[in-house]
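1. got a predicted model here, sequence first, then my questions.
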Amino acid sequence: MWAAAAAENGLLSLLSISLHTQSADGALNLIRAEPYAFTHGDVRAAHLLALHALIAVANAREAASLARAIDTQEGAHQAPPMLGGRSLRRPTSRTGP
């Protein structure tokens, strides 16, 4: 059904790369109007782009998770988390000298 609708609208080539993480699934979809438009090089490049997207999403989720954990610890008046001798607490704005 989708393929027929796409063809009716002049979209004749689709390259879809699955994106799987532990918490979500998705796809990188590339569409062209020409039939058989994607080369082997295009497929390799799309896989690389999909890998970069997965890494970016995973890093953003990890950063958000760490920020929530830090906020939770600060709210409970616990010692700030440390990594390599440095505090992971987010800097607060200072006023005055």
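-> Perfect, I can see it now.
2. now do the helices in the chain.
-> Remark: helices assigned in the chain by DSSP state H are 2-8, 40-75.
3. quick one: distance of the first one to the chain centre.
-> Distance of helix 2-8 from its chain centroid, counting by Cα atoms, centre = their mean, to the nearest Å, is 28 Å.
4. what's it in contact with?
-> Identification of contacts with helix 2-8 by Cβ atoms under 8 Å, 6 or more residues apart in numbering yields Leu12, Leu14, Ile31. C-beta: built from backbone N, CA, C; applies to glycine.
5. how about that helix: buried residues?
-> Residues of helix 2-8 include none that count as buried (16 or more other Cβ atoms under 10 Å).
6. do the longest one as well
-> Taking 16+ other Cβ under 10 Å as the neighbour-count basis, helix 40-75 is seen to contain the buried residues Ala46, Ala50, Leu54, Ile70.
7. nearest to Arg61, of these?
-> Leu54 (10.7 Å; Cβ to Cβ).
8. can I assume the closest one is in contact with Thr21?
-> Yes. If you go by Cβ atoms under 8 Å, Leu54 and Thr21 touch, sitting 6.3 Å apart.
9. and Leu15, how close does it get to Ala37?
-> 8 Å (Cβ to Cβ, to the nearest Å).
10. distance check, Phe38 against Arg32.
-> In terms of Cβ to Cβ, Phe38 sits 7 Å off from Arg32.
11. between the two, which contacts overlap?
-> In contact with both Phe38 and Arg32: Ser13, using Cβ under 8 Å, 6+ apart.
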